[in-house]
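# make a model of this:
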Amino acid sequence: MTARSRADLATASRIVVKVGSSSISGDSSWRIPVIVEALAAAHARGVEVVLVSSGAIASGIPFLRLDARPTDLATQQAAAAVGQNILVYRYQEAMRPFDIIAGQVLLTTGDLEHPTSRSNARRAMERLLGLRVLPIVNENDTVATQEIRFGDNDRLGALVAQLIDADALVLLSDIESLYTMPPSDPRAEPIDIVAADADLSGLEFGATVVNSVGTGGAATKVSAARLAAASGIGVLVTSADLVDKALSGAEIGTWFEPSV
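Alright, predicted model coming up:
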């Protein structure tokens, strides 16, 4: 059943949750068990949960003894190859106490654009969910090139939600909700609900680069949320620290109403 409001997240059958690099990498890696605990609680009540997680490149940087996020594609790919292994290991270790098995799913834009590979991806995801596995989806940064990348995992989260006909999409951020302008501006006001036909042209959602390890920010979340909402999927944008409340249907964050 499509989530028509935040409250419906408490009873939704299938939810996609997306978390970015800045929330779970480096000094923020402590947050992985916190997020997993919330996902496990939803999983325990029968929800089919899919996690779209960034962080492969950021997780690989310290193991390659790099001082910062690499700028050349080859080193980014190398960092992703190392970091994806570390990232999934951390998630699986956090899931072990809950007796949940993680399944790694790496996608490129071509996988979702071409009918055959899209059908294969959907079938694999459906089978994983049927087996009560918790899929962890990320862009396949090891083979993706700049020209064919999703651009950010907010969009990937929306596309995965469309792929598996999710009831809702939860985009986790560094702040509790979206604002009418950058939250550092004293005139900024939190946005409670975005109607399906709302005109957002007068709002300022800021830059797309948020820190040294990831890309994203308010602008990409708005774009992804509207993409999913246009497909009839309700979307909540809120803080990663509030993921447990989000999945319990609390009145938090910014809710994007589904169009149909």
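
# for Ser173, what are phi and psi?
With angles defined as degrees, to the nearest 10, Ser173 sits at phi -130, psi -170.

# tell me which residues in stretch 182-200 are buried?
Buried residues in stretch 182-200, counted by 16 or more other C-beta atoms under 10 Å: Pro183, Ile191, Val194. Placement of C-beta: from N, CA and C, glycine included.

# average model confidence for that stretch?
Mean pLDDT, computed over stretch 182-200, is 88.

# ends of that stretch, how far apart?
14 Å (C-alpha to C-alpha, to the nearest Å).

# check stretch 231-244 too.
25 Å.

# repeat for stretch 13-24
By C-alpha to C-alpha, one end of stretch 13-24 lies 26 Å from the other end.

# for the chain, just list every one of the strands.
14-19, 48-53, 102-107, 134-139, 168-173, 193-194, 234-239, 254-256 (DSSP state E).

# most tightly packed of those?
Among these, ranked by average contacts under mean count of other C-beta atoms under 10 Å, first place goes to strand 168-173 (a mean of 29).

# where in the stretch 1-150 of the chain is pLDDT low?
The model of the stretch 1-150 of the chain has pLDDT under 70 over residues 145-150.

# rerun that using 80 as the cut-off
Within the stretch 1-150 of the chain, the ranges that satisfy pLDDT under 80 run 1, 144-150.

# before we move on, back to that, out of the strands of the chain, the one nearest Gln92 is which?
Of all the strands of the chain, strand 102-107 sits nearest to Gln92, with 4.8 Å by C-beta to C-beta.

# out of the strands of the chain, which is closest to Leu200?
strand 193-194 (7.1 Å).

# what's that closest one packed up against?
When contacts are defined as 3 or more C-beta pairs under 8 Å, 6 or more residues apart in numbering; DSSP states H and E, strand 193-194 packs onto helix 218-230, strand 254-256.

# list the buried residues for the first one?
By neighbour count, with 16+ other C-beta under 10 Å as the criterion, the buried positions of helix 218-230 are Ala218, Ala219, Thr220, Lys221, Val222, Ser223, Ala224, Ala225, Arg226, Leu227, Ala228, Ala229.

# tabulate the buried residues of stretch 182-200 (TSV), appending distance to Ala158.
As requested, those are exported to TSV (distance: C-beta to C-beta, whole Å):
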residue	distance to Ala158
Pro183	23
Ile191	18
Val194	14
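
# so which of those residues is the closest to Gly253?
Looking across the buried residues of stretch 182-200 and measuring by C-beta to C-beta, the closest to Gly253 is Ile191, at 9.2 Å.
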